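K.L.:
Let's see this in three dimensions:
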Amino acid sequence: MQSIPLISVESLNLITLAPMILLSLGALFIICVDMFKKNLGRGFYVTVTSLFLIGALVYTVSMGDQDETGFFDMMLLDGMSKLAQIIIFVVTLLFVPLALCKKEFAEHRFAEYFALLLFMSAGFSFMVSTTNLILIFIGLETASLSLYTMIAMHNRDKSIEAALKYFTMGALASGFYAFGAMMFYALTASVDINEIVLRLSDRDFSPMIGVLGALSLILGAIGFKLSLIPFHTWMPDVYEGSPAPLAGYISIAPKVAAFIVAARIFEPFIAHQIVWVENMLYILAVVTMTLSNLMALVQSDVKRMLAFSSISHAAFILCAVLVQANSAMFIYWILFMFANMGAFALLWAARNSQNLYDVRFQHPFVKFSGLIKTAPVTAVLMALFMLSLAGIPPFSVFWGKIYIMSAVINSGYIFLAVIMAVNSAIAVYYYLKLIVYMFLRDPAAQDGTIYAQNASLSVSVVVGITAAITLTAVLLVEPAARLANFFLQ
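P.N.:
Below is the predicted model of the structure:
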């Protein structure tokens, strides 16, 4: 009788799973505590959630630049995954304190909300820490199902509608991904990205029609997560139906994870000079940034405008994937993260229980008319975030755009760089539109406290941190570049 080989714990190298294990244990701890002790309050859950996130962040940073593989070589803790996890954990740490706003909302009363947030962070960590298509899918579904539920827990008609739209489109994207992975397995008998590329290159990427079909399906799935046109239709409605902090979070954490997956899948094909892969990404980037900017121009609600602007930013970062400029991609994410979360935190502080200025929208442009006269600090801070997102020097996102455009030019894509510059100029208009309303219009309200009805100490601290980093970005660009190069060397 043949004996079954034993698997040692050392060979599994479970340290590659440590951040995900820690976050999952944190989620289970919150659920178990809630079972035995009800009504502990959101302050307790915010504190516990933050501690587990800080633990995962500290562990990831302490790993340094050494690559680790584990769990039957399916987990990969390399520089790219570590940087992505750091960004995901930091933006989640910025998001969590916003639950301690002045008003108490339905979702913050439930321990499950904070448990789902930790499960979602663990799912994103799985996505970025593997080259195995099955584990990527598991991480994707874990994070997505948690996110759908968190949106619906806001307990408004628009929130439930947004969650249903997101779930429906997400199910379609998951189907695309599953079929694409199945086709790759049929072609290569492997679900590891590196092995797939190696086996396809050995036979000159034939049959080409099969490779094209698999990559097209996976591009559709990733395009949905990145809200690239024409896969973007869910995003403005989801932004509109989600609370402002969650909308800001959706524009960062899921996209960071999806871009890492995109880089791992598409960059090897680009490195092997598969021209039609380059052309697909090129066309998708140009169409996405141009149409999203044009659609942002006609929006009457600030949150929907920011939804279309985040689509444009995603197209910019797609250009970094096209030219394999991973360092520039991470620098852009680091700088964009703070400006974007700061803008949404200010919208959260100005949230009212009723739509005072528009029948449909919570944050129409007219709501912020004359803000400089009624709430000058809020107006100056919002202007700072708008100028940064527009890419106006010397604020943060400008430097991210410079890095990516330089990489694009150095790779010989001169026409693409011109299109990026033109789109940056178009984007300035709709960001300045809000500034014009705040500084050059008559006040919409005589009492400035209406713009801070939901502001609390924790919300103010988050706004202060993001504003300080956005304002001093010129001093932080070089350290951010060093950090990216340290992990990616």
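K.L.:
quick check: mean pLDDT across the one helix or strand Leu387 maps to?
P.N.:
With secondary structure defined by DSSP states H and E, Leu387 is part of helix 376-389. Confidence over helix 376-389, taken as the mean pLDDT, stands at 90.
K.L.:
Check stretch 120-127 too.
P.N.:
Confidence over stretch 120-127 (mean pLDDT, whole number) is 91.
K.L.:
so the nearest residue in space to Ser242 that is not next to it in sequence, which of the three states?
P.N.:
Nearest non-adjacent residue to Ser242, counting by C-beta to C-beta, 6 or more residues apart in numbering: Ile151, 5.2 Å away. Heads up, the C-betas are built off the backbone N, CA and C, glycines and all. Using DSSP: H, G, I helix; E, B strand; the rest coil, the secondary structure recorded for Ile151 is helix.
K.L.:
surely Ile151 meets Leu164?
P.N.:
No - the pair Ile151 and Leu164 fails to qualify as a contact (C-beta atoms under 8 Å) at a distance of 9.3 Å.
K.L.:
just for the stretch 51-200 of the chain, where's the confidence low?
P.N.:
65, 155 (pLDDT under 70).
K.L.:
all helices for it, in order.
P.N.:
In chain order, the stretch 51-200 of the chain shows helices spanning 79-95, 111-128, 133-152, 157-188, 193-202, with DSSP state H, counting those that start in this stretch as the criterion.
K.L.:
Buried deepest among the ones you listed, which one?
P.N.:
Per-stretch averages of neighbours, counted by mean count of other C-beta atoms under 10 Å, single out helix 111-128 among the helices of the stretch 51-200 of the chain, with a mean of 26.
K.L.:
Packing partners of it?
P.N.:
Packing partners of helix 111-128 (3 or more C-beta pairs under 8 Å, 6 or more residues apart in numbering; DSSP states H and E): helix 18-36, helix 42-62, helix 79-95, helix 133-152, helix 253-271.
K.L.:
Export it to PDB, keeping only CA atoms.
P.N.:
Taking C-alpha atoms only, helix 111-128 is exported to PDB below (Å, rounded to 0.1, in the frame of the first residue of the first chain):
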ATOM      1  CA  ALA A 111     -20.700  44.600  13.700                       C
ATOM      2  CA  GLU A 112     -21.000  42.800  10.400                       C
ATOM      3  CA  TYR A 113     -20.200  46.000   8.600                       C
ATOM      4  CA  PHE A 114     -16.700  46.100  10.100                       C
ATOM      5  CA  ALA A 115     -16.200  42.400   9.700                       C
ATOM      6  CA  LEU A 116     -17.100  42.600   6.000                       C
ATOM      7  CA  LEU A 117     -14.600  45.500   5.600                       C
ATOM      8  CA  LEU A 118     -11.800  43.200   7.000                       C
ATOM      9  CA  PHE A 119     -13.000  40.300   4.800                       C
ATOM     10  CA  MET A 120     -12.900  42.600   1.800                       C
ATOM     11  CA  SER A 121      -9.400  43.800   2.600                       C
ATOM     12  CA  ALA A 122      -8.300  40.100   2.900                       C
ATOM     13  CA  GLY A 123      -9.900  39.400  -0.500                       C
ATOM     14  CA  PHE A 124      -8.000  42.300  -2.100                       C
ATOM     15  CA  SER A 125      -4.800  41.000  -0.500                       C
ATOM     16  CA  PHE A 126      -5.400  37.500  -2.000                       C
ATOM     17  CA  MET A 127      -5.900  39.100  -5.500                       C
ATOM     18  CA  VAL A 128      -2.500  40.900  -5.400                       C
END
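K.L.:
got the angle between that helix and helix 253-271?
P.N.:
Angle, helix 111-128 to helix 253-271, by axes from the mean of the first three to the mean of the last three C-alpha atoms, to 10 degrees: 10 degrees.
K.L.:
how much distance is there from stretch 175-192 to the middle of the chain?
P.N.:
The offset between the C-alpha centroid of stretch 175-192 and the centroid of the whole chain comes to 25 Å, using C-alpha atoms, centre = their mean, to the nearest Å.
K.L.:
burial measure for Phe385, as a count.
P.N.:
Burial of Phe385, expressed as a neighbour count using other C-beta atoms under 10 Å, amounts to 28.
K.L.:
let me redo that: Ser327
P.N.:
Here the number of neighbours of Ser327 (other C-beta under 10 Å) works out to 21.
K.L.:
what does the helix holding Leu387 contact?
P.N.:
When contacts are defined by C-beta atoms under 8 Å, 6 or more residues apart in numbering, helix 376-389 is touched by residues 306, 309, 313, 335-336, 339-340, 342-343, 346, 349-350, 368, 371-372, 395-398, 427, 431-432, 434-435, 438-439, 448, 451-452, 463, 466-467, 470-471, 473.
K.L.:
Which of these fall within strands?
P.N.:
In strands, judged by DSSP state E, none of those are found.
K.L.:
Alpha carbons only: can I get the helix holding Leu387 in CSV?
P.N.:
The C-alpha trace of helix 376-389 is given here as CSV (Å, rounded to 0.1, in the frame of the first residue of the first chain):
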residue,chain,number,x,y,z
PRO,A,376,-14.0,79.4,4.0
VAL,A,377,-11.9,76.5,5.5
THR,A,378,-14.1,73.9,3.8
ALA,A,379,-13.9,75.9,0.5
VAL,A,380,-10.1,76.2,0.6
LEU,A,381,-9.7,72.5,1.4
MET,A,382,-12.1,71.3,-1.3
ALA,A,383,-10.3,73.6,-3.8
LEU,A,384,-7.0,72.0,-2.8
PHE,A,385,-8.3,68.5,-3.5
MET,A,386,-9.9,69.6,-6.8
LEU,A,387,-6.6,71.3,-8.0
SER,A,388,-4.7,68.2,-7.1
LEU,A,389,-7.1,65.8,-8.9
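K.L.:
Next, the buried residues of that helix.
P.N.:
378-379, 381-389 (16 or more other C-beta atoms under 10 Å).
K.L.:
cool, stretch 476-483 as well?
P.N.:
Of the residues in stretch 476-483, those scored as buried under the neighbour-count criterion (16+ other C-beta under 10 Å) are 476-477, 480-481, 483.
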